[in-house]
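>>> Build me a model:
(2 chains)
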Amino acid sequence: AQSVTQLGSHVSVSEGALVLLRCNYSSSVPPYLFWYVQYPNQGLQLLLKYTTGATLVKGINGFEAEFKKSETSFHLTKPSAHMSDAAEYFCVRFGNEKLTFGTGTRLTIIP
Amino acid sequence: NAGVTQTPKFQVLKTGQSMTLQCAQDMNHEYMSWYRQDPGMGLRLIHYSVGAGITDQGEVPNGYNVSRSTTEDFPLRLLSAAPSQTSVYFCGSRAPRGDNSPLHFGNGTRLTVT
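Prediction:
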């Protein structure tokens, strides 16, 4: 079955440090991938989506994701963490009319 | 723009009671779906619909029914609530064209079954 795997259920970084949230997908061509963010007690908001042929995808709030077919990865990064980035992040894959969610990574920002 | 609207926001049920979670969208999206969110498990697909009159099961359909009589509405019915159905439920819709079209979510319904 098509799936996504998020490595690390909790990630803590200092304010101003690099944010790296990992996502690997099961091999298929082409993958339709997204990153969503969920702030505390809120719904889910689209951060970015993969576009076929792109290697680097830019999203909102300074986030971007790099697609690496050779590593079947779609990791999310942000150069400098802000306190407002504290949230849960989900890597999502679409296939066979279904969106499959990773189990999520909770990002904590240390002041 | 209303987008995807879910009602109610909160609900408490007793075991065995039934209820319907409402979901409506005003974006003329053909695809609609229901997810439940539980700690450490991400979001799991309950049921989905690719258009009016068409529904299909997702990963965790047991105990839930859906129907899609109009493009706008996709209600989720709990036939006989159980404590295991305590969860946060999200409805989502997406445009039919292009598999990289994102899912638009409602704000969720927090359900507690006692």
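
>>> Now do the strands in chain B.
Under the criterion DSSP state E, chain B carries strands at the ranges B:4-7, B:10-13, B:19-25, B:31-37, B:43-51, B:54-57, B:64-66, B:76-78, B:87-94, B:104-105, B:109-113.

>>> Do a quick rundown of the strands in chain A.
So, for chain A - with DSSP E - the strands run A:4-7, A:10-14, A:19-25, A:32-38, A:44-49, A:56-58, A:64-68, A:73-78, A:87-95, A:98-101, A:105-110.

>>> Of all the strands of chain B, which one is nearest residue A:49?
Each of the strands of chain B has some distance to residue A:49 by Cβ to Cβ; the shortest is strand B:87-94, at 11.1 Å. Quick note: C-beta positions are derived from backbone N, CA and C, even for glycine.

>>> Chain neighbours aside, what residue packs nearest to residue 55?
Defaulting to chain A. Residue nearest to residue A:55 in three dimensions, not counting chain neighbours: residue A:67, with 5.5 Å by Cβ to Cβ, 6 or more residues apart in numbering or on different chains.

>>> not what I meant, chain B
Once flanking residues are discounted, residue B:55 sits nearest to residue B:49: 4.7 Å by Cβ to Cβ, 6+ apart.

>>> again, but for residue B:78
With Cβ to Cβ, 6+ apart as the criterion, residue B:78 has its nearest non-adjacent residue at 5.5 Å, and that residue is residue B:19.

>>> got the contact list for residue B:38?
For residue B:38, the contact set (Cβ atoms under 8 Å, 6 or more residues apart in numbering or on different chains) comprises B:44, B:87-88.

>>> quick revisit: would you mind confirming that the residue nearest to residue B:78 is in contact with residue B:85?
No: using Cβ atoms under 8 Å, residue B:19 makes no contact with residue B:85, being 10.1 Å away.

>>> For the two, list the residues in contact with both.
Taking Cβ under 8 Å, 6+ apart as the contact rule, residue B:19 and residue B:85 both touch residue B:78.

>>> ok, the two, which is more surrounded?
Taking other Cβ atoms under 10 Å in any protein chain shown, residue B:19 and residue B:85 do not tie; residue B:85 has more neighbours (19 against 16).

>>> tell me the contacts of the residue lying closest to that one once chain neighbours are set aside?
Leaving out its chain neighbours, the residue that sits closest to residue B:85 by Cβ to Cβ, 6+ apart is residue B:113, at 5.3 Å. Shown here is residue B:113, whose contacts under the criterion Cβ under 8 Å, 6+ apart are B:12-15, B:81-86.
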